[in-house]
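> sequence first, predicted coordinates after that:
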Amino acid sequence: MLLHVIARGKIGRSPEAELIERYEKRIGWPIRFTELPETGGRVAEPASPGRTVLLDERGRNLSSEEFAAILSRWRDEGVREARFVLGAADGHPAEERDGADLLLAFGKATWPHLLARAMLAEQLYRATTIVAGHPYHRG
């Protein structure tokens, strides 16, 4: 299953970009990172069947094990692409939230966009290691 992270704005050269790159190299599943401009821009339709996860402050607060279980279930159900979408500064429109398969939050706090991307990359790595039974996660 392809893990596809789609984010608004350019990350450029930054400590967060280095973290993301480090996790991207370590993730054992196919992964792609796509950056869109702050407004406009489109991404091709997802591989079908697909799932869409929106990072949203109103989303579910999942443990790493719960997140891994969702990814594992989707993979086992034959999902070809799971999209993880980070919106612009104003978040996601209601119609996008309504159409998402999962709204995901990293706690109640609001996180800077670049940190949220790095946190997502780490959680994707952690989830894939949990699924693989790798000792990275020692929950």
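Looks like it came in fine.
> give me the distance between the closest residue to residue 19 other than its chain neighbours and residue 64.
Counting by C-beta to C-beta, 6 or more residues apart in numbering, residue 19 lies nearest to residue 118, which is 4.4 Å off, once chain neighbours are set aside. (Glycine included, C-beta is placed from N, CA and C.) Shown here: residue 118 relative to residue 64, a distance of 15 Å by C-beta to C-beta, to the nearest Å.
> and the contacts of the biggest strand by length in the chain?
Taking DSSP state E as the criterion, the chain has its longest strand at strand 50-61. Residues outside strand 50-61 that contact it (C-beta atoms under 8 Å, 6 or more residues apart in numbering) are 46, 74, 79-87, 91-92, 96-97, 99-108, 110, 116, 120.
> again, only this time at 7 Å
74, 79-86, 91-92, 96-97, 100-105, 107, 110, 116, 120 (C-beta atoms under 7 Å, 6 or more residues apart in numbering).
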